[in-house]
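>>> Give the three-dimensional model of this entry:
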Amino acid sequence: MIKIKGNLFIKGTIILIIGGLITKIISMFIKIVLARLIGTEGMGIYMLISPTFTLLMAVASLGFPVAISKLVAEDTKNNKNLVFSILPISLVINLTIMLLLFFLGNYISSNLLNEPRSYYALLCIGFVLPFISISSILRGYFFGKQNMLPHVISNVTEDVIRLICLIIGIPIFIKSGIEYAVAFVVLTNVISELTSIFVLFFFLPKHFKITKKDLTPHKNNIKEVFNIGIPTTMSRLIGSIGFFFEPIILTYCLIKNGYTNNYIVNEYGIINGFIMPLILIPSFFTMAISQALIPNISKSYSKGHKKYVWNKIKLAIFLSLLIGVPATIIFEIIPEIPMKFIYNTTAGIEYIKILAPLCLFHYIQAPLTASLQAMGKAKEAMNGTLIGTIIRIISLFIFCNLHIGLWALIWSSVLNMIVVTIHQYIHVKKSLK
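Residues are numbered from 1 along each chain as shown. All right, here's what the predicted structure looks like:
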């Protein structure tokens, strides 16, 4: 049985890596299109609203995809009822967020982000979230079945559609102003996620039938999903809250210390729009491995196969570093080549040389966190994120007042990665004693 599960893990990982490679290439083209069509200023505005986007996605999904993946993998429930019990709750949460953005969008853009041009993009986030939530729940179902192909096909299709929309739409909307172009960039997610949902439905088995029993919400199913989903969400939420406060702390402290808003927007756009996506390119392998790990470990850990689980975790870490280390060497030796090729700029190369080797902690962190969630230790994973976020926020505030510019963001990010990775490793080892 373990051999079969191992084969499923390797097969799922390979499918996700191949799919991840394709989507990463398409995403690279998306980044090129964005960088060249909306420029550094547009990227800066987009990066300012990204933490808010990430935070709201965490709230909207409420950890449902991970919970559904784990419960479907254990195969002790009515899997269809799991999905249909959660969908109405998810939609209510999304509608609530939409209303909050409608009333608070202006305040967030003008008073918190200090960038009024981000207002329309913030409003557009509300329209995007329901589609992201539905597609992520459906992906969770397929992950639980250890069927990774629907996820890969839907992701590739989604990114292709988004790329086409951006190429066609940005030149039209940018004529009205950079704020409208950035809002359109956010809004393209509606079309791409809708495409993804249709693809996922296409992969449902031909004999797949939905009965009245499947559609009737089951309290026990909802309770179990929440028991897993809430700690998972809290983990993401804590990280997202830290990410949300990041540009607020940066703009407040740096402006107070004499830096101009233009400098902050441009440098922040370079770091989060160019540098971080570049050096985290190998993370698509890591995420693929982590996604394949969850259903595999959930089933094995529930049956007491702890040695098997640890071997799979070690394999996941090894595979992550197998990709991460060569990429890090390239970014250290010749960073200007990938920067010039992808973004047609060499701005921010000095940041790469510091961040690249330290991002190896990030590649190790993802499979460790996924393993904790799969073993039902989502609270431990959440605690790691909480500790890392607190350290990140405090250190960011301190570094911002040391007059080192955006290096404050770099060093606070490094501290966060190191602390969280060490914490997750310690608790994975404890769980497998």
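>>> just for the stretch 201-350 of the chain, where's the confidence low?
Residues of the stretch 201-350 of the chain meeting the criterion pLDDT under 70: 205-218, 236, 240.
>>> switch the cut-off to 90
Along the stretch 201-350 of the chain, segments meeting pLDDT under 90 span 201-253, 255-325, 327-328, 330-350.
>>> That one: helices as residue ranges?
212-215, 219-256, 261-270, 276-279, 283-302, 306-333, 336-343, 349-358 (DSSP state H, counting those that start in this stretch).
>>> Those: which one's closest to residue 408?
Ranking those by proximity to residue 408 (CB to CB) places helix 219-256 first, at 7.3 Å. Heads up, the C-betas are built off the backbone N, CA and C, glycines and all.
>>> Show me which residues of that closest one are buried.
221-222, 224-226, 228-251, 253-254 (16 or more other CB atoms under 10 Å).
>>> Could you do stretch 135-144 as well?
Going by neighbour count (16+ other CB under 10 Å), the buried part of stretch 135-144 is 135-144.
>>> Pull it out as PDB, backbone CA atoms only.
Taking Å, rounded to 0.1, in the frame of the first residue of the first chain, the C-alpha atoms of stretch 135-144 are listed here in PDB:
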ATOM      1  CA  SER A 135     -11.900  27.400  -8.100                       C
ATOM      2  CA  SER A 136      -9.600  26.800  -5.100                       C
ATOM      3  CA  ILE A 137     -12.300  24.600  -3.400                       C
ATOM      4  CA  LEU A 138     -12.600  22.500  -6.500                       C
ATOM      5  CA  ARG A 139      -8.900  22.200  -6.700                       C
ATOM      6  CA  GLY A 140      -8.900  21.000  -3.100                       C
ATOM      7  CA  TYR A 141     -11.300  18.200  -4.100                       C
ATOM      8  CA  PHE A 142      -9.000  17.000  -6.900                       C
ATOM      9  CA  PHE A 143      -5.900  17.200  -4.700                       C
ATOM     10  CA  GLY A 144      -7.600  15.000  -2.200                       C
END
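>>> Residues touching it, excluding its own?
Residues outside stretch 135-144 that contact it (CB atoms under 8 Å, 6 or more residues apart in numbering) are 61, 64-73, 79, 82-83, 86-87, 90, 148, 150-151, 154, 193, 196-197, 200-201, 203, 291, 294-295.
>>> what does stretch 316-324 give?
Looking at what lies outside stretch 316-324 - CB under 8 Å, 6+ apart - the contacts are 13, 282, 285-286, 289-290, 293, 359-360, 363-364, 366-368, 371.
>>> Tell me how far that stretch lies from the chain's centre.
Chain-centre distance of stretch 316-324: 19 Å, with CA atoms, centre = their mean, to the nearest Å.
>>> Identify each buried residue in it, please.
Here stretch 316-324 shows 316-317, 319-321, 323-324 as buried, counting by 16+ other CB under 10 Å.
>>> Next: stretch 288-307.
Using 16+ other CB under 10 Å as the test for burial, stretch 288-307 gives 288-301, 305.
>>> Poorly predicted segments of the stretch 1-150 of the chain, please.
Within the stretch 1-150 of the chain, the stretches with pLDDT under 90 are 1-94, 104-119, 126, 132-150.
>>> what's near enough to touch residue 11?
Residue 11 is in contact with residue 148, counting by CB under 8 Å, 6+ apart.
>>> Surely residue 386 touches residue 237?
No. Look at residue 386 against residue 237 with CB atoms under 8 Å: they stay out of range, at 9.8 Å.
>>> hang on, the earlier thing: which of the contacts of stretch 316-324 sit farthest apart?
13 and 359 (20.8 Å).
>>> Next one: residue 105 from residue 121, what distance?
Note on residue 105: its distance to residue 121, by CB to CB, to the nearest Å, is 9 Å.
>>> Which one's more surrounded, these two?
Remark: of residue 105 and residue 121, residue 121 carries more neighbours, 27 against 20, as counted by other CB atoms under 10 Å.
>>> Do you have the strands of the chain handy? List them.
With DSSP state E as the definition, the chain shows no strands.
>>> Spatially central residue in it, please.
Centroid check for the chain by CA atoms, centre = their mean gives residue 54 as the closest residue, at 7.4 Å.
>>> what's the distance between it and residue 60?
Distance, residue 54 to residue 60, by CB to CB: 11 Å.
>>> just to revisit the earlier point, filter the buried residues of stretch 135-144 down to just the ones in helices.
135-144 (DSSP state H).
>>> of all those residues, which comes closest to residue 390?
Using CB to CB, those come closest to residue 390 at residue 136, 27.3 Å.
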